[in-house]
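S.K.: Turn this into a model:
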Amino acid sequence: MKILARQLTLDMYNCDTSRLSGVDEIKDTLTKIIGNKPPLSSEVVDAGHYSIIGAFVTGHIALHIYKELRYVAVDIFTCAEADDSEELAAVLRKFFRPDKIKSTFLKRGDFGLEREIKPKIKVRVAPLRRVKNAGAKVVKKLGIRK
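M.R.: Next up, the predicted model:
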């Protein structure tokens, strides 16, 4: 069955702090990827939280950046089949350099069977983060046995 639109959401945890400080730098990076249309608007919600939003004819992109939490939430919505939201997501992952990413892909306007309406969720953890977690587990187990 043909779907009307696709939506990709990204939760990026423990992002590189040097990449979270400049709204203009983030907007410039997005402009290089998607071009000047749509114009991106940014809004400071409070001291540690700001958002960047761009609306296309065929969808939108929205980022919410939480500087103190080192967390970025991304929403990429498209109803054009030619758009590749994964390509944009890969560039954003490379830019923010998170330790952990949770991505969810939704088929919007899918009129198939109800049991087929489930999001596909992927979790990626940076290799260095895995090493740190494994080392912490080993130290904890050795500490318990003493």
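
S.K.: for Gln7, what are its contacts?
M.R.: Asp75, Ile76, Phe77, Thr78, Phe105, Leu106, Arg108 (CB atoms under 8 Å, 6 or more residues apart in numbering). Bear in mind the C-beta positions are built from the backbone N, C-alpha and C, glycine included.

S.K.: Beta-bridge partners for the spatially closest residue to the first one that is not a sequence neighbour, please?
M.R.: On the basis of CB to CB, 6 or more residues apart in numbering, the spatially nearest residue to Asp75 that is not a chain neighbour turns out to be Ala62, at 4.4 Å. Here Ala62 sits in beta bridges with Ile53, Asp75, as judged by DSSP bridges.

S.K.: Could you check how far Thr17 is from Val45?
M.R.: 18 Å (CB to CB, to the nearest Å).

S.K.: From the contacts of Gln7, list the buried ones, please.
M.R.: Asp75, Ile76, Phe77, Thr78, Phe105, Leu106 (16 or more other CB atoms under 10 Å).

S.K.: Nearest to Leu88 among these?
M.R.: In terms of CB to CB, no member of the buried ones among the contacts of Gln7 lies closer to Leu88 than Ile76, at 5.9 Å.

S.K.: I'd like the distance between that closest one and Asp46.
M.R.: Distance of Ile76 to Asp46, given as CB to CB: 24 Å.

S.K.: pLDDT below threshold where in this protein?
M.R.: 1-2, 36-38, 83, 110-120, 127-133, 144-146 (pLDDT under 70).

S.K.: Could I get the full set of helices for it?
M.R.: For the chain, applying DSSP state H gives helices covering 23-34, 85-96, 127-145.

S.K.: Looking at these, which one is packed in the most?
M.R.: helix 85-96 (a mean of 17; mean count of other CB atoms under 10 Å).

S.K.: That one - contacts with which helices or strands?
M.R.: Applying 3 or more CB pairs under 8 Å, 6 or more residues apart in numbering; DSSP states H and E, we find helix 85-96 packed against strand 5-13, helix 23-34, strand 71-78.

S.K.: Any chance of TSV for these, columns distance to Val91?
M.R.: Output for those, formatted as TSV (distance: least, CB to CB, whole Å):
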stretch	distance to Val91
strand 5-13	11
helix 23-34	5
strand 71-78	11
